[in-house]
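structure for this input, please:
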Amino acid sequence: MQALTDMKSIRRHAMTLTSVAAIFLLAACSEDPLDPTAGAADATIEVTATELGHDVARILITVDADDLAGPISRALPADDDDSAEGSIQAPAGLDRTLTVRSYDGDGQLLRMGQTTIDLQPGEQRQLRMALEPLSTAGGGDGGGVEIGQR
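Got it, this is the predicted structure:
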């Protein structure tokens, strides 16, 4: 009878330990286990860069702001149709500077476009940007930028 009681006690302890281990494992997989909204303050920017030129191999999308720890970047390959598209996630906030640069296969910077936008938490923003040659990048029209919301 004592052996049966000991087995039940061992099973109960094993189940408790398994449950505790599962909770710790689940907490370790999340960004911040104490903040259920972690990651919810991000916004998604869907970028389409046009007028890249025929020798562009990739574009680099960068989001930066004074209140960010550092710039957030994503490289994307250029399409055969003189454009490139993709998305990047960035923390919501005011005055997010978005810069798109195009590079050839040797890593030479060819064209650039830049704009500043405000992002709301959970927002999905569409951005179409015509990149300009470096000699006119950042000119008066902001690189042919069109901004829309989803």
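
can you report how many residues neighbour Gly53?
If you count neighbours by other C-beta atoms under 10 Å, Gly53 ends up with 13. For every residue, glycine as well, the C-beta is placed using N, CA and C.

now do the contacts for it.
Going by C-beta atoms under 8 Å, 6 or more residues apart in numbering, Gly53 touches Asp82, Ser102, Leu110, Arg111.

can you flag the buried ones in those?
Neighbour counting over the contacts of Gly53 (16 or more other C-beta atoms under 10 Å) leaves Ser102, Leu110, Arg111 as the buried ones.

filter these down to the ones in strands?
Counting by DSSP state E, the part of these found in strands is Ser102, Leu110, Arg111.

of these, closest to Leu68?
Taking C-beta to C-beta as the measure, Leu68 lies nearest Ser102 of those, at 23.2 Å.

that closest one pairs with what?
Beta-bridge pairing of Ser102 under DSSP bridges involves Ile59, Arg111.

OK, contacts around Pro71?
Under the criterion of C-beta under 8 Å, 6+ apart, the contact partners of Pro71 comprise Thr62, Val63, Asp64.

inside strands: which ones of these?
Those of the contacts of Pro71 lying in strands (DSSP E): Thr62, Val63, Asp64.

from Val56, how far off is the nearest residue to Met129 once chain neighbours are set aside?
Leaving out its chain neighbours, the residue that sits closest to Met129 by C-beta to C-beta, 6 or more residues apart in numbering is Gly113, at 4.3 Å. To Val56, Gly113 is 13 Å away according to C-beta to C-beta, to the nearest Å.
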